[in-house]
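> predicted model follows, preceded by the sequence.
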2 protein chains.
Amino acid sequence: MQIVRSAGEMQEFSEAERRRGRCIAFVPTMGYFHQGHLNLMRIGRQRGDCLAVSIYVNPAQFAPAEDFEDYPRNFERDSRLAEEMGVDVIFTPDDREMYPEGYQTYVEVEGVTNNLCGISRPRFFRGVTTVCTKLFHIVKPHVTIFGKKDFQQYVTIKRMVRDLNMDIEVVGMDTTREPDGLAMSSRNVYLKPEDRKSALGLSRSLVLAEELYGKGERNARLILEKVRALITGYSHTEIDYARICDTKTIMDVERIEGECVLALAVLVGKTRLIDNHVFGEVLKIG
Amino acid sequence: MQIVRSAGEMQEFSEAERRRGRCIAFVPTMGYFHQGHLNLMRIGRQRGDCLAVSIYVNPAQFAPAEDFEDYPRNFERDSRLAEEMGVDVIFTPDDREMYPEGYQTYVEVEGVTNNLCGISRPRFFRGVTTVCTKLFHIVKPHVTIFGKKDFQQYVTIKRMVRDLNMDIEVVGMDTTREPDGLAMSSRNVYLKPEDRKSALGLSRSLVLAEELYGKGERNARLILEKVRALITGYSHTEIDYARICDTKTIMDVERIEGECVLALAVLVGKTRLIDNHVFGEVLKIG
């Protein structure tokens, strides 16, 4: 497994792979791997002749008050796990390599970023789409794998790839969960023991919502009322948003028709967790 | 010579060229070719094994009040000229192919677009950088050639390519001029006979400015006063801007130090013309 820190070197590596006719699969990450990341790599390993993973905590997607400095990092462990997963190359640049002095170009997706995390975190998606565009140009993948735990991010990347004619297949992977249902996230390490139980409110409310949907309920407001009640029934929880949106436009719906997603962002203690469920899909919890 | 209208087909064409190890040179244009375009193609022909030209009048870079509808078009003549220049493939999509329903992604370069045409035409550069990003992803060039007549556009594209790690060499070509000095432009056809003479004010003021610079003048304000007086001495002229800027930042300078450009935009009759000169460079006029 190679470890590459320079964009130019990574491009040379990828060009050489492409000239040999090899398919490059790419998993962009911020590191601190959990089973969800490893599952993304497993798909990547199946889809590509060459599997590239990036590890980069992207400052452009954090607001000043957010947890950029404190975001958990452990490159030693990550690179060991990546090697075990059969990764061929890790691209792990520093900030000077990615945003040198005078940097001034940004990629913005408008419509699908206007709701949900786009409200709570105004610069977040601009940072994500910009860094992903850069990483795609550096790693030159044929296929890239994103987790659907970050559902709005997944929709935004798919929209960007299509709009900008990037010749890349975007594969979405179902959320990986702890045995009790908690969606895996690098930020779960922030959870204090007393908050760990309250964090279950998110996945349990997804189960409740799918049950109501299964019984024929299509009124978004009624489902959201019960979801909110379930979540706030746990201690130390504060809902940032709980919305039901069309999966293509990420706009709120009143009735669940076509493909719709229940999207949650909840502060549990001081940790902001997100989770989601697309109505009608299988929900593997507990 | 092939004529391709679909982005997917163009990508397949380019991927096949790349797999064969061939270098793709790309000249993006809005068509209505003049000698300037043909000179861009000549460089492209020298630089690439395969020469691709796009012809697309990009609505995203025109404001509602601008000349998008009236912009001169002549595909028959353009494709004949391209074939004579040895072009291998023309990519000429329609608006539905480039901006299908639901389109919502834009690329923006911030700093270098804040002055000059970025003031007069607020959405212009966002349209240019977005369409060029799309065209680069569709045509997949190794090298692309831009005219320096649109100096700020050339600087903006270079900045974008570097910032977003696009693996493309951007080549700038000197402005092609009529024998009397007028910079060639597809918009010159708009000039009424009585305005054609007044249009010479632009190139003649560049000559004057370089003469003053050659004699040691470094005060931008003094040079600009004489430039403005020369241009407005012609009838039916109205200066949009006449500024001296640093070529890297496109910010106004008080003194000419390092590499600086005199940039002009002038309404001649109803036609907006631009021209520029980098101080100290050879000015081939008259």
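Structure received. Numbering: from 1, shown residues only, chains lettered A, B, ... in the order given.
> what's the nearest residue to the residue of the stretch 151-286 of chain A found nearest chain B if we skip its chain neighbours?
Residue nearest to chain B within the stretch 151-286 of chain A (Cβ to the nearest Cβ): A:Asp163, separated by 3.6 Å. In this view, the C-beta of every residue, glycine as well, is placed from N, C-alpha and C. Distances taken as Cβ to Cβ, 6 or more residues apart in numbering or on different chains place B:Thr105 nearest to A:Asp163, at 3.6 Å, with adjacent residues excluded.
> quick one: contacts for A:Gly31?
Contacts here follow Cβ atoms under 8 Å, 6 or more residues apart in numbering or on different chains; on that basis A:Gly31 touches A:Ile55, A:Tyr56, A:Val57, A:Arg73, A:Asn74, A:Phe75, A:Asp78, A:Thr92, A:Ser186.
> and the pLDDT at it?
We note a pLDDT of 97 for A:Gly31 in this prediction.
> name the SS class of it, please.
coil (DSSP: H, G, I helix; E, B strand; the rest coil).
> kindly report the residues of the stretch 151-286 of chain A close to chain B.
A:Arg159, A:Met160, A:Asp163, A:Leu164, A:Asn165, A:Met166, A:Asp167, A:Lys248 (Cβ under 8 Å from any Cβ of the partner chain).
> may I have the beta-bridge partners of the residue in the stretch 1-150 of chain A that chain B sits nearest to?
Residue of the stretch 1-150 of chain A nearest chain B, by Cβ to the nearest Cβ: A:Thr105 (3.6 Å). Beta bridges link A:Thr105 to B:Val109, judged by DSSP bridges.
> you'd agree it is up against B:Glu110?
Yes: using Cβ atoms under 8 Å, A:Thr105 is in contact with B:Glu110, at 7.3 Å.
> tell me the contacts of the residue nearest to A:Thr176 when sequence neighbours are not counted?
Counting by Cβ to Cβ, 6+ apart, A:Thr176 lies nearest to A:Gly36, which is 3.8 Å off, once chain neighbours are set aside. A:Gly36 makes contact with A:Gly147, A:Lys149, A:Thr175, A:Thr176, A:Ala183, A:Met184, A:Ser185, according to Cβ under 8 Å, 6+ apart.
> what kind of secondary structure is the closest residue to A:Met30 other than its chain neighbours in?
Distances taken as Cβ to Cβ, 6+ apart place A:Val57 nearest to A:Met30, at 4.8 Å, with adjacent residues excluded. Classification of A:Val57 by three-state DSSP places it in coil.
> which residues touch A:Ile43?
Taking Cβ under 8 Å, 6+ apart as the test, what A:Ile43 contacts is A:Ala25, A:Ile145, A:Val171, A:Met173.
> A:Gly111 now?
A:Arg159, A:Thr249, A:Ile250, B:Gly102, B:Gln104.
> out of those residues, which one sits closest to B:Phe62?
B:Gln104 (18.6 Å; Cβ to Cβ).
> so what's that closest one up against?
A:Val109, A:Glu110, A:Gly111, A:Val112, A:Arg159, A:Asp163.
> the helices in the stretch 1-150 of chain A, which residues?
A:7-19, A:35-47, A:75-84, A:95-98, A:117-120, A:124-139 (DSSP state H, counting those that start in this stretch).
> just those helices: most buried one?
helix A:124-139 (a mean of 24; mean count of other Cβ atoms under 10 Å in any protein chain shown).
> quick one: list the elements packing against that helix.
helix A:7-19, strand A:24-29, strand A:50-55, strand A:89-91, strand A:105-109, helix A:117-120, helix A:151-163 (3 or more Cβ pairs under 8 Å, 6 or more residues apart in numbering or on different chains; DSSP states H and E).
> pLDDT wise, what is A:Pro122 at?
88.
> how about the contacts made by the nearest residue to it once chain neighbours are set aside?
Of all residues not flanking A:Pro122 in the chain, A:Ala63 sits nearest, at 7.2 Å (Cβ to Cβ, 6+ apart). Applying Cβ under 8 Å, 6+ apart to A:Ala63 gives the contacts A:Arg121, A:Pro122, A:Arg123, A:Phe124.
> count the neighbours of the first one for me.
When you say that, I think you mean A:Arg121. Neighbours of A:Arg121 under the rule other Cβ atoms under 10 Å in any protein chain shown: 20.
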